[in-house]
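Colleague: Test case, fold it:
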Amino acid sequence: MSSKKTFLFPKGVSETLFIPLYARAREQQQSPPLLVDLHAQRLVKTIDYDFEKFERAPISMTGVVIRASYFDAIVRQFIAQHSQPVVVHLGYGLDTRCQRLGAQAAKAKFYHIDMPEVMTLRAALLPPAENEHLIATCMLSTTWMDVLLNKHPEATFLFIIEGVLMYLSYDENKRLFSALASRFSGAEIHFDVLSTWLSSRTYLHDSVSLTHAKFQFGTDCDRVFERWHPRLRYQASFDLMAFDGWQRLGWPLLLGQTFFPALRSSTRVVAYYIN
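Modeller: The predicted structure follows:
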């Protein structure tokens, strides 16, 4: 009898949480890995899911790890720079950032927001540490925002929105950013975004196309979010393809970036500040 646990999700976005989990677990086979995540390795061994299909998605497997490493660095820096840091992950899935950060994570409070079925899975597999709090709700609800403000009136907030915005509609994204901007003065928001070219072509994405999820949002202008609320201030953005780590996939991908610019700018990481 298998000791693996089976979890049933509605077919769609929730299923995509297995993509980054497997990518981080698979990364441990590299020497050296771009990030160390033994917890992901353990989780993959305990979940009854067809992870092997993502072996057909080498670009995603590398990109997700590069992205996770980037956001790890953002969170580390934020914690080091603030006396009362509160880190909020929107759509956290089965990420193990707190575990990866180790002792440094203990210096901050963490809130993880995701749908109830995802939080049920997470609580069963990754019981939260004392400074971690799971909130099972839709991220578009403003109730959790008001609760955090009341709990931490003197804190400085960091919002990490990783692998999420592309599954929300334009209006939902606008609603989310406007709600955050109207409440969390002095906060930082860090997220990733797709180009309009890729967001309209889910079938070309090597891993998401293997699930039932569909992209809904993308933009070619990283300052578009400034139009949604007067307190939103663009800080920086970077093409994910510009980071180190892609070399392992060989010259075809590197040539593709050179001769097909849409590929190079198809995924970006973006930083915003709330005045």
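
Colleague: Which residues does the strand or helix carrying Ile160 contact?
Modeller: When elements are assigned from DSSP states H and E, Ile160 belongs to strand 156-161. Identification of contacts with strand 156-161 by Cβ atoms under 8 Å, 6 or more residues apart in numbering yields 71, 74-75, 78, 82, 84-91, 97, 148, 180, 184, 186-192. For every residue, glycine as well, the C-beta is placed using N, CA and C.

Colleague: in the helix or strand just after it, what counts as buried?
Modeller: Using DSSP H and E, the helix or strand that follows strand 156-161 in sequence is helix 170-181. By neighbour count on 16 or more other Cβ atoms under 10 Å, the buried set for helix 170-181 is 172-174, 176-177, 179-181.

Colleague: and helix 170-181 with strand 156-161, angle?
Modeller: Orientation of helix 170-181 against strand 156-161 (axes from the mean of the first three to the mean of the last three Cα atoms, to 10 degrees) gives an angle of 170 degrees.

Colleague: In CSV, please show the C-alpha coordinates belonging to the helix or strand following helix 170-181.
Modeller: Downstream of helix 170-181, the first helix or strand assigned by DSSP H and E is strand 188-194. Extracted C-alpha coordinates of strand 188-194, given in CSV (Å, rounded to 0.1, in the frame of the first residue of the first chain):
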residue,chain,number,x,y,z
GLU,A,188,6.8,47.1,-0.9
ILE,A,189,5.2,44.8,-3.5
HIS,A,190,7.3,42.4,-5.4
PHE,A,191,5.8,40.1,-8.1
ASP,A,192,6.3,38.5,-11.5
VAL,A,193,4.3,39.2,-14.6
LEU,A,194,4.0,37.8,-18.1
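
Colleague: If you count neighbours, what's buried in strand 188-194?
Modeller: Buried-residue list, strand 188-194, by 16+ other Cβ under 10 Å: 188-194.

Colleague: give me the low-pLDDT residue ranges for the chain?
Modeller: Within the chain, the segments meeting pLDDT under 70 span 1-13, 251, 253-259.

Colleague: Dead centre of it: give me the residue that sits there.
Modeller: Centrality entry for the chain: nearest residue to the mean C-alpha point is Glu162, 1.8 Å, by Cα atoms, centre = their mean.

Colleague: Noted, bye for now.
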